[in-house]
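Undergrad: Structure here, sequence nowhere to be found:
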């Protein structure tokens, strides 16, 4: 996977990604709803519905951001305890306020955490999820390997991530929107000129569809498959440890 960084600086991708999300945290939820036309909510619900092991007791949500997926997991899995981790403290601060407001703080814990060095024991979680976060890993394989490590044998991985549409004219419209329109709106609204340009670049560099399944299989995941959403704008990737 080609390394794409948010900023043209010498520091590593991980630190740059954390800084970028700290910069845009205050407008992140608003822009997500605006720029996705609200479709991202349906994508998260669909991803959670693919969990096949009943009601997992413990779920880890990697790159939880402002906790949208963690909150939806708690809503739809009423017996589960959710732990969300992220490298952006400001995103986590917003997520914690949302969790308290929704009275879910007894079931959701949000922690600062590096996806490539998770501070949890082996075989600890029944399911691990990630929504729009794995393409931001500095080392994709290292992050996915850590997610595998903390999963119990038979536990399920569910990853929701942007992909590139393959059909005409959606492919062309997608590129136009992500490359020009979205960065312009993001720049004017979030005041970070690079953040939403990086989004387009990171989606282009991400190994989507079968290429991502190949990475999962290489790391020992089983029953790897993907589900295409919204004609290929997004995919759900499923696998079992």
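TA: Done, it's in. Bear in mind that the values here come from a model prediction, so they are computed numbers and not experimental data.
Undergrad: residues in contact with the least confident helix or strand in the chain by mean pLDDT?
TA: Sorting the helices and strands of the chain by mean pLDDT, DSSP states H and E puts helix 182-190 at the bottom, at a mean of 73. Applying Cβ atoms under 8 Å, 6 or more residues apart in numbering, the contact partners of helix 182-190 are 23-24, 27-28, 30-31, 34-35, 192-193, 195-197, 199-200. C-betas here are computed from N, CA, C, even on glycine.
Undergrad: Counting neighbours, which of the residues you listed end up buried?
TA: 23-24, 27-28, 31, 35, 192, 195-197, 199-200 (16 or more other Cβ atoms under 10 Å).
Undergrad: rewinding a little: in helices, which of the contacts of helix 182-190 fall?
TA: Per DSSP state H, helices hold the following members of the contacts of helix 182-190: 23-24, 27-28, 30-31, 34-35, 195-197, 199-200.
Undergrad: residues of stretch 13-29 that come out buried?
TA: 13-14, 16-25, 27-29.
Undergrad: Just give the nearest non-adjacent residue to residue 170, would you?
TA: residue 231 (5.2 Å; Cβ to Cβ, 6 or more residues apart in numbering).
Undergrad: Of the contacts of helix 182-190, which is the nearest to residue 237?
TA: Distance to residue 237 across the contacts of helix 182-190 (Cβ to Cβ) is lowest for residue 199, with 18.7 Å.
Undergrad: number of nearby residues for the residue lying closest to residue 214 once chain neighbours are set aside?
TA: Nearest non-adjacent residue to residue 214, counting by Cβ to Cβ, 6+ apart: residue 207, 7.7 Å away. When neighbours are counted by other Cβ atoms under 10 Å, residue 207 registers 15.
Undergrad: What pLDDT is listed against residue 121?
TA: Residue 121 is assigned a pLDDT of 98 by the prediction.
Undergrad: wait, residue 30
TA: pLDDT recorded at residue 30 is 81.
Undergrad: How about residue 166?
TA: Per-residue pLDDT puts residue 166 at 86.
Undergrad: and it, which of the three is it?
TA: Of the three states, residue 166 takes coil under DSSP: H, G, I helix; E, B strand; the rest coil.
Undergrad: Offset the numbering so it begins at 383, please.
TA: All set: I'll call the first residue 383, so the last point we hit is now residue 548.
Undergrad: Does the residue nearest to residue 596 fall in a helix, a strand, or a coil region?
TA: Recorded secondary structure, residue 589: coil (three-state DSSP).
Undergrad: Show me where the protein dips below the pLDDT cut-off.
TA: Where the chain drops to pLDDT under 70, the residues are 383-384, 417, 435-436, 568.
Undergrad: hmm, back to that, looking at the buried residues of stretch 395-411, which is nearest residue 596?
TA: Comparing the buried residues of stretch 395-411 against residue 596 with Cβ to Cβ picks out residue 395 as the nearest, at 21.8 Å.
Undergrad: Now do the closest one against residue 481, distance only.
TA: Residue 395 is 28 Å from residue 481, where distance means Cβ to Cβ, to the nearest Å.
Undergrad: Repeat that for residue 619.
TA: Look at residue 619 and residue 481: by Cβ to Cβ, they are 26 Å apart.
Undergrad: Show me the longest strand that occurs in this protein.
TA: In the chain, with assignment by DSSP state E, the single longest strand is strand 533-544.
Undergrad: Let me see the ranges of the strands in the chain.
TA: Remark: strands assigned in the chain by DSSP E are 440-444, 463-468, 490-494, 507-513, 533-544, 604-611, 616-622.
Undergrad: Out of those strands, flag the one nearest residue 434.
TA: So among the strands of the chain, strand 533-544 is nearest, using Cβ to Cβ, at 6.1 Å.
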